[in-house]
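Asks: Curious how this folds, go ahead:
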Amino acid sequence: MTDSVLKDIESKMGKCVEATRSDFASIRTGRATPALLDRLHVEAYGQAVPLKQVATVTTPDSRSLQINAFDKSVLGEIRKAIEKSDLGLTPNIDGTTIRLMIPPLNEERRKDLVKVVRKKAEDGKIAVRNVRHKALDDFKTKLKNHEVTEDENKRFGEHLQKLTDKYTKEIDVLAVGKEKEIMEV
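Replies: Next up is the predicted model:
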């Protein structure tokens, strides 16, 4: 019984790490990457759709992104979505292509981004700890209902703590890597 419960918990903690990883991917580091635009939604065909569904995003070089719309009629909406986003980028439309130049980051902006990374990392670790907390509460309820023994409860708690430590450490490693990437000149 506890194996399936632990697998479920491990899966949830893994999803917390993946969510943190995708949050980090959306932070601009001065280097062009299509992941910068992953969160962008475009008003197309009467609804908001992810940019990936209406265009391809490529990186011709390390300082620019190129967006090729599948349908020329959505170019204006893509431009609006980029301008409204928190990316701080100015789109240049060239026929059916939108070009985005990624300016180099100044020292102050780099430090601000490191703070954002640390905040997102802490949010990720809080999510992992919330998974642990809920699992402990569920197991305590089972203990009160005499569905598990004291020994099983103790072993479960120890195993749960090891899982929590593993996934919080994983988030720390991701954060250190992202900070290093941001501070690179």
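Asks: helix or strand for Lys178, which one?
Replies: Taking DSSP states H and E as the criterion, Lys178 maps to helix 150-183.
Asks: got the residue ranges for the strands in the protein?
Replies: In the chain, the strands defined using DSSP state E lie at 41-44, 47-50, 55-61, 64-69, 91-94, 97-101.
Asks: any idea how far Val54 lies from Tyr45?
Replies: Spatial separation of Val54 from Tyr45 under the definition Cβ to Cβ, to the nearest Å is 8 Å. All C-beta atoms are positioned from the backbone trio N, CA, C, and that covers glycine.
Asks: Would you map out the domains in this protein?
Replies: For the chain, automatic domain parsing gives the domain ranges 2-25+106-183, 34-101.
Asks: least reliable of those domains going by mean pLDDT?
Replies: Confidence, taken as mean pLDDT, is least for domain 34-101 of the domains of the chain (a mean of 84).
Asks: Report the outermost residue of the chain with respect to its centre.
Replies: Counting by Cα atoms, centre = their mean, the extreme residue of the chain relative to its mean C-alpha position is His146, 40.1 Å from that point.
Asks: what number of residues lie near Val74?
Replies: Using other Cβ atoms under 10 Å, Val74 has 20 other residues around it.
Asks: hang on, isn't it packed against Val42?
Replies: Yes. With contacts defined as Cβ atoms under 8 Å, Val74 counts as touching Val42 at a distance of 6.3 Å.
Asks: hey, what's in contact with both of the two?
Replies: Taking Cβ atoms under 8 Å, 6 or more residues apart in numbering as the contact rule, Val74 and Val42 both touch 54-55.
Asks: counting contacts, what elements does the longest helix anywhere in the chain pack onto?
Replies: The helix of greatest length in the chain, counted in residues with DSSP state H as the criterion, is given as helix 107-144. Packing contacts for helix 107-144, counted by 3 or more Cβ pairs under 8 Å, 6 or more residues apart in numbering; DSSP states H and E, involve helix 2-25, helix 150-183.
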